[in-house]
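1. Kindly return the folded structure for what I paste below:
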Amino acid sequence: MRFQRFFLIVALAAVLVPGPAVRADLNYRAEITGTEDSDLADLLDKISELKTLEDKPPVSEEALRRRADRDLGRLVDAAHSLGYWDAEFSYDIDTEADPAKVVVTVKSGPLYHVASVKVLGADGQPLAIPQDEKRLPLNPGDPARTAPVVATETALLAALGNSGHPFAKVEDRHVEIDKATETMEVTYTLDPGAVMRFGPVTIEGLERLNPAYVEGRLRWQRDEIYDASKVAETRRALIETGLFSTVQLTPTADPDNPEDVRMTIDATERLHRTIGAGLAYNTSQGFGARAFWENRNLFGNAENLRLSAEVGQQLDEFRANFRRPDFLAIDQDFLATAEIANDNPVAYRSRRALATAGLERRFGRLLTGGVAFEIEQANVTQLADINPRTGSQRYELAGLLAYIKLDSTDNLLNPTTGYRAQLSVTPAHTFSGSNLTFVTSFISGSTYWALGSEERAILAGKLALGSLDGAPLSQLPSDQRIYAGGGGSIRPYGYLMAGPLAPNNVPIGGRSSLVLNLEARIKITETIGIVPFFDAGSYYESPVPQLDRTLLYGVGLGLRYYTAFGPLRFDLATPLHKRNGDSPIQVYISLGQAF
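-> The predicted model follows:
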């Protein structure tokens, strides 16, 4: 009886004592109105908490008003940053609506402009800057925005640094807003310091790498007038070698030689050995697996040895690449390769062994040229059913490859700006079987345009031409002919398939080719993008592309997943000029953009 009374009391207490209130968030939608400047409207939308936190509603109207009050200060600062120094903001909240409605009203006022930009020395007198003022981010007559004010300060210091002043500094930056004239006056006070020359260099942090290799990357000479742009170029050159995880260059005064500046290079070496593997797939070549081992500092002078193997449905290959930097001269490398392969594409069957040796030289940051001697031995069987049939051919070949490359792009795997161009010419002679002498030439160019300030869309185009002269097509080994089609060529057509086909729908090969690629790389999010594209071209029997002949073309759509090391590519393509031997869909999966 006592237990029954206890449970009755507990039950009554649970019913009568009020529990915690259930939280009911106040859902709302925000709108910012009143501005005609699209840049200002976009900026306000981005920085407004009312807009960016709509999916995190406050718990009450009072909390919503606090959020709106905090927003007003941020919106005023944003308007000031774009030159609207009289901007006023107010808001109205309608809680009767469902969801609640917040309307922020903007009175942007006039757009202020820059009246003057003055640069003074530490003594208060005008300071001559070794740079055309028109190239500065901020100039009289420009909108009175805050970002160019800071950017101009950086540009002024850079101009002094590039003309011999390693220790230039800003003493003061004064910005005055005149509301009567709706203008802004900016005054910079700088201490340029003395003009100095490059002095001795100290290299720190190296473990196995020879310091002479680092010295070879220096872009300045001892006793030259100090130039900060050459310091930055040296750092870039060291980073691009792939040998270092961090590189820091620091100028310091030399107490023994007041006119000299000591340069300290502190570099942290990366691990020099790498092992990697990958998979690739496309419709016409099937699956392929790749693996490699690489040592980027084999003997202590940045020698690079890379051993790679590929196994696939059409290609089995083992390859060794060796590069010796600064061979006989700075920025001149010795290159050697060796390769054995069993290559079985749709056009032929080939077993080959190949070796090359040559020199490559960099002529500045954009231009590279090279020459290499190559020898090759191969057994090739043509699969195209044509008359006359060449059947199986065994040949030895000696050739001399000469090439030049121009590259101003910003990224190897995912270029967004700049251009690329390449020309290669290879005279060759075959021994055994057919005794042929011929010259193979390729020229290509691609360019990339970023659209919009955020560069979320890239237009890319490429044109490539190939030519082989000096030998008749019927006598050429099938693997020395020119083809088109596939993932790095005309994607709507299978590998080697974009050209004349034999009666058994096997590509014959030709002595020239034309390839045109156009695509738009559009980012949907930071990691996901789509790529609509159009490809066209063909290969031809003559040494020069015959533009009056049938042009093969098609369209496609790609998906990109952007990673830290490059975009993963998934392309679907379909031919618009379809023949009996063409697949209706081509699929490509790999790392990096198509071109």
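
2. The residue nearest to Arg324 when sequence neighbours are not counted: neighbour count?
-> In this structure, Arg324 finds its nearest non-sequential neighbour in Phe334, 4.2 Å apart by CB to CB, 6 or more residues apart in numbering. Where C-beta positions appear, they are placed from N, C-alpha and C, glycine not excepted. Using other CB atoms under 10 Å, Phe334 has 16 neighbouring residues.

3. So Phe334 versus Glu303, what's the distance?
-> 9 Å (CB to CB, to the nearest Å).

4. The residue nearest to Arg324: which element?
-> strand 332-343 (DSSP states H and E).

5. follow-up on the earlier one: who touches both of Phe334 and Glu303?
-> 323-324 (CB atoms under 8 Å, 6 or more residues apart in numbering).

6. per-residue confidence averaged over stretch 414-429?
-> For stretch 414-429, the mean pLDDT works out to 96.

7. do stretch 478-497 as well
-> Per-residue scores along stretch 478-497 average to 95.

8. ok, now stretch 509-523?
-> What stretch 509-523 shows for mean pLDDT is 97.

9. secondary structure class for the nearest residue to Gly566 once chain neighbours are set aside?
-> Nearest residue to Gly566, sequence neighbours excluded (CB to CB, 6+ apart): Leu413, at 3.5 Å. Under DSSP: H, G, I helix; E, B strand; the rest coil, Leu413 falls in the coil class.

10. tell me, what residue is most central in the protein?
-> The centre of the chain sits closest to Asn411, judged by CA atoms, centre = their mean, with a distance of 2.9 Å.

11. how close does the residue nearest to Gly566 sit to Arg560?
-> For Leu413, the distance to Arg560 - CB to CB - is 11 Å.

12. Compare those two (neighbour count), which wins?
-> The residue with more neighbours, out of Leu413 and Arg560, is Arg560; 22 against 12, by other CB under 10 Å.

13. thinking the more buried one is in contact with Gly566, fair?
-> No. With contact defined as CB atoms under 8 Å, Arg560 does not count as touching Gly566 (9.9 Å).

14. Can you pull out the low-pLDDT segments for this protein?
-> 1-24, 131-134, 388-391, 433, 453 (pLDDT under 70).

15. Where do the helices of the stretch 201-350 of the chain begin and end?
-> Ranges of helices in the stretch 201-350 of the chain, per DSSP state H, counting those that start in this stretch, are 211-215, 228-240.

16. what's in contact with the longest one?
-> Outside helix 228-240, the residues that touch it by CB under 8 Å, 6+ apart are 158, 161-162, 166, 214, 217-220, 224, 244, 247-249, 251, 263, 265, 267, 365.

17. ok, 6 Å please
-> 161-162, 217-220, 244, 247, 249 (CB atoms under 6 Å, 6 or more residues apart in numbering).

18. in that helix, what counts as buried?
-> 228, 230-231, 233-235, 237-238 (16 or more other CB atoms under 10 Å).

19. ditto for stretch 505-516
-> 506-516.

20. what do you get for stretch 249-264?
-> Across stretch 249-264, burial judged by 16+ other CB under 10 Å covers 249, 251, 253-254, 260-263.

21. quick one: which of these is nearest to Gln313?
-> Gln313 lies nearest to Leu249 out of those, by CB to CB, at 49.5 Å.

22. Bridged to that closest one, which residues?
-> Ile265 (DSSP bridges).

23. you'd agree it is up against Asp266?
-> No. The criterion here is CB atoms under 6 Å, and Leu249 misses it with Asp266 at 7.9 Å.

24. between these two, what contacts are shared?
-> With CB under 6 Å, 6+ apart, Leu249 and Asp266 have no common neighbours.

25. and Glu31, what are its bridge partners?
-> Where Glu31 sits in a bridge, its partners, by DSSP bridges, are Val103.

26. gap between it and Val104?
-> Glu31 is 7 Å from Val104, by CB to CB.

27. who's more crowded, the two?
-> Neighbour count, other CB under 10 Å: between Glu31 and Val104, Val104 has more, with 21 against 13.

28. before we move on, the earlier item: can you tell me which of the buried residues of helix 228-240 comes closest to Ser424?
-> Nearest to Ser424 among the buried residues of helix 228-240, with distances taken as CB to CB, is Ala237, at 25.2 Å.

29. For the stretch 101-250 of the chain, which segments are assigned as strands?
-> Remark: strands assigned in the stretch 101-250 of the chain by DSSP state E, counting those that start in this stretch are 113-120, 169-178, 183-191, 197-204, 244-253.
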